[in-house]
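Trainee: The following block contains a protein sequence and its predicted model.
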Amino acid sequence: MKKIILLALVFIFATAMTCSAHFVMMYTPETILANGGKITVKSVFGHPFAASVTLDMAKPNAFFVVNKGKKTDLLGTLKPITWQSRENSARAWETEYQVKGMGDYIFCLDPVPYFDQTEDKYIQQFTKIIVNNGGLPTDWDAKVGFKTEIVPLDKPYALWTGNVFRGVVLSKGKPVPYAAIEVEYLNHAPNMELNKFAEKAAVQAPHDVFVTMTIKANANGEFTFGIPKAGWWGFAAISSGPDKKLNGKELEQDAVIWIQAQDM
């Protein structure tokens, strides 16, 4: 009887872990600015829809911003913080950046691979968000040189609810045919002052399949997603990177991009 109960608990735990995907989240309240100014960017590793378990992030391998073709190293500006989810707290990172000129600012994070004991593998998610100042488009569709990345085909900061967001998944600069992309909604509003997720969810999923949705790219690595609700949406192209092993274990290299949609 004890063995049956234990197996049931293991099954329930494993099922719960698969209902919500791991995402590196980079967040700042607004992705389109009128007059520049100082912005704060938080980097958290966890589960955006459920805001459940947050995972410790080591200091990234690289963190930089691209504006008008110029790459600026921001790794030295990162400060460690403790981020509180609904179930635990873990180490995360933040930076402040002074947006001065007009145009697009692509914030890019190359994290240290995280070893997931439950899946017995490493996970590394190359992550981007794009902030615009003044409405002048400059770099939003530029490649940043990650081993794997999602290059947007629509401005990720100029999306109405009901628009579609399109992107192309690249590995070493080349399209990834039929890439699998996980999509999640940032369902618990981040509190920038307290470094925590709100307890209250914005929406309730009618079934677990709506928590982490999976779509596929076409033969050219391109995908399309219709945006049903305002807010932040994360897209992770799973195992799209070229490296497959690390320290004798499986390495999953994902390409992640976050977009923000507004109600009309």
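Mentor: Received, thanks.

Trainee: Can you give me the buried ones in whichever strand or helix holds Gln98?
Mentor: Counting by DSSP states H and E, the element that carries Gln98 is strand 89-99. Under the neighbour-count criterion of 16 or more other CB atoms under 10 Å, strand 89-99 has Ala90, Arg91, Ala92, Trp93, Glu94, Thr95, Tyr97, Val99 buried. For every residue, glycine as well, the C-beta is placed using N, CA and C.

Trainee: The second one and Asp56, how far apart?
Mentor: I take that to be Arg91. Distance, Arg91 to Asp56, using CB to CB, to the nearest Å: 5 Å.

Trainee: cool, the fifth one as well?
Mentor: The spacing between Glu94 and Asp56, counted by CB to CB, is 15 Å.

Trainee: One more: the last one?
Mentor: To Asp56, Val99 is 29 Å away according to CB to CB.

Trainee: By mean pLDDT, which helix or strand of this protein comes out lowest?
Mentor: Here the helix or strand of the chain ranked lowest by mean pLDDT, DSSP states H and E is helix 2-19, holding a mean of 38.

Trainee: what about Gln124, neighbour count?
Mentor: 21 (other CB atoms under 10 Å).

Trainee: which residues does the closest residue to it other than its chain neighbours contact?
Mentor: The spatially closest residue to Gln124, leaving aside those adjacent along the chain, is Pro113, at 4.1 Å (CB to CB, 6 or more residues apart in numbering). By CB atoms under 8 Å, 6 or more residues apart in numbering, the contact list for Pro113 reads Tyr122, Ile123, Gln124, Leu246, Leu251.

Trainee: hmm, back to that, tell me which other helices or strands the following helix or strand past the strand holding Gln98 touches.
Mentor: Sequence-wise, the next helix or strand downstream of strand 89-99 (DSSP H and E) is strand 103-110. If you count contacts as 3 or more CB pairs under 8 Å, 6 or more residues apart in numbering; DSSP states H and E, strand 103-110 packs onto strand 23-27, strand 62-67, strand 89-99, strand 121-133.
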